[in-house]
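Trainee: For reference, the sequence and a predicted model appear below.
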Amino acid sequence: MIITLTLNPSIDRELAVQGELERGGVRGYRRLGDQAGGKGVNVARAVGGAGLEAVAILPAPPHDPFVQLLAGAPMRVHAVPSSAPVRINLTLTEPGGTTTKLNAAGERLDLAVEELLIDALLAERRAHWVVLAGSLPAGSDPSLYAQIVARLRAARPGVRIAVDTAGAPLAAIVRADARVDLVKPNAHELAELLGDAAEGDALEADPAAAALAARRLLDDHAGLGAVLLTLGGGGAVLVTRAGSWRGVHPPVAVRSTVGAGDSALSGYLIAAERDLPEPDRLAWAVAYGAAAVSLPGSEIPTIEQVDPSLVTTTPLPVTAAEPSEG
Ligand SMILES: Nc1ncnc2c1ncn2[C@@H]1O[C@H](COP(=O)(O)OP(=O)(O)OP(=O)(O)O)[C@@H](O)[C@H]1O
Ligand SMILES: [Mg+2]
């Protein structure tokens, strides 16, 4: 069973723009649809859609359209009543397929709601994996995820924790050195975390260098178990304390990269729930990512649309840092 916590959920609204966007111009649009989103919601939907038990914990007002959009979703939803409406994120797609995203910050979380969300997370005693995913709402303490990890660890020493976030919240988790089993940055997020944001493109283009950078993160932070580093069209690398692998999928026709990272994390978790070895978890991650980008909009692949046997995984020669002398 997998539980996800989404502190900053969103209604993802897709608009088809008539003509190319132009700064300062006027364009018509057609509404393509709304989807209940936020990274944790997407992961729970993918995992639940693969027939595994999943729970999504999130804040939302009881009658928010967000809650109605979740009716029929393949996971259990635990919505903690909040007062602020769920934010709306816009994806604008031009006729040529170029997409522009406009994300709202999200309203500040009430401290009482925050506490109820954490209580709900700690109360789920059957979880194998807890997934903390996405940005924090405006005004949250950047160390909120780090605090949640510490409380989870104290209450549930054996649970596995996966984190997919970026910037200050990710840096705070890594610095806190609490035990986190998996982080899933992309190349840009890892570069920023390592203090050299300009290196993101170079890491994305060079899987061996990317794996070395991920290894450096593990060497510097004893609490981290593994890094699933996604590299866009370049697939992904998985670096654990036991080894490193690269996973590559044959080229696919890309329709929308929205949700690719969430799908990749879901693939890893679905394989982990089946007790598959690390290289196979990587293959499932890359296969889920590739399936996600070949689907339109923010559609999350179903397990029938995913074929991990198409992914080639190869070990990378990345070793732990030499222990220092003396
Ligand atoms: N252009 C592409 N072609 C093929 N596969 C892709 C492409 N972009 C992404 N993928 C697949 O999706 C996975 C995740 O993509 P990416 O590295 O872009 O995640 P991300 O930046 O975290 O995404 P998100 O914006 O959803 O958080 C990749 O590992 C790969 O499997
Ligand atoms: Mg991502």
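Mentor: On my side now, so go ahead. Every value quoted in this text rests on a predicted model; they were computed, and no experiment measured them. Ligands and ions are numbered 1, 2, ... in the order given.
Trainee: How far off centre is the one helix or strand in the chain whose mean pLDDT sits lowest?
Mentor: Ranking every helix and strand in the chain by mean pLDDT, DSSP states H and E puts strand 99-102 at the bottom, with a mean of 90. Relative to its parent chain, strand 99-102 has a centroid offset of 18 Å by Cα atoms, centre = their mean, to the nearest Å.
Trainee: packing partners for it?
Mentor: In terms of contacts (3 or more Cβ pairs under 8 Å, 6 or more residues apart in numbering; DSSP states H and E), strand 99-102 is packed against strand 87-93. For the C-beta atoms, the positions are set from N, CA and C on the backbone; glycine is no exception.
Trainee: so what's Ala166 up against?
Mentor: Listed by Cβ atoms under 8 Å, 6 or more residues apart in numbering, the contact partners of Ala166 are 135, 185, 189, 192.
Trainee: Kindly indicate which of these lies nearest Val43.
Mentor: Proximity of the contacts of Ala166 to Val43 (Cβ to Cβ) peaks at Ser135, which lies at 14.4 Å.
Trainee: Could you report the distance from that closest one to Glu53?
Mentor: 26 Å (Cβ to Cβ, to the nearest Å).
Trainee: Between the two, which has more neighbouring residues?
Mentor: Taking neighbours as other Cβ atoms under 10 Å, Ser135 and Glu53 compare with Ser135 leading, 19 against 16.
Trainee: Helix, strand, or coil at the more buried one?
Mentor: Here Ser135 is coil, with the state taken from DSSP: H, G, I helix; E, B strand; the rest coil.
Trainee: show me the contacts for the closest residue to it other than its chain neighbours.
Mentor: The shortest distance from Ser135 to any non-neighbouring residue, by Cβ to Cβ, 6 or more residues apart in numbering, is to Asn8 (5.1 Å). Contacts for Asn8 (Cβ under 8 Å, 6+ apart) come out as 38, 87, 106, 134-137.
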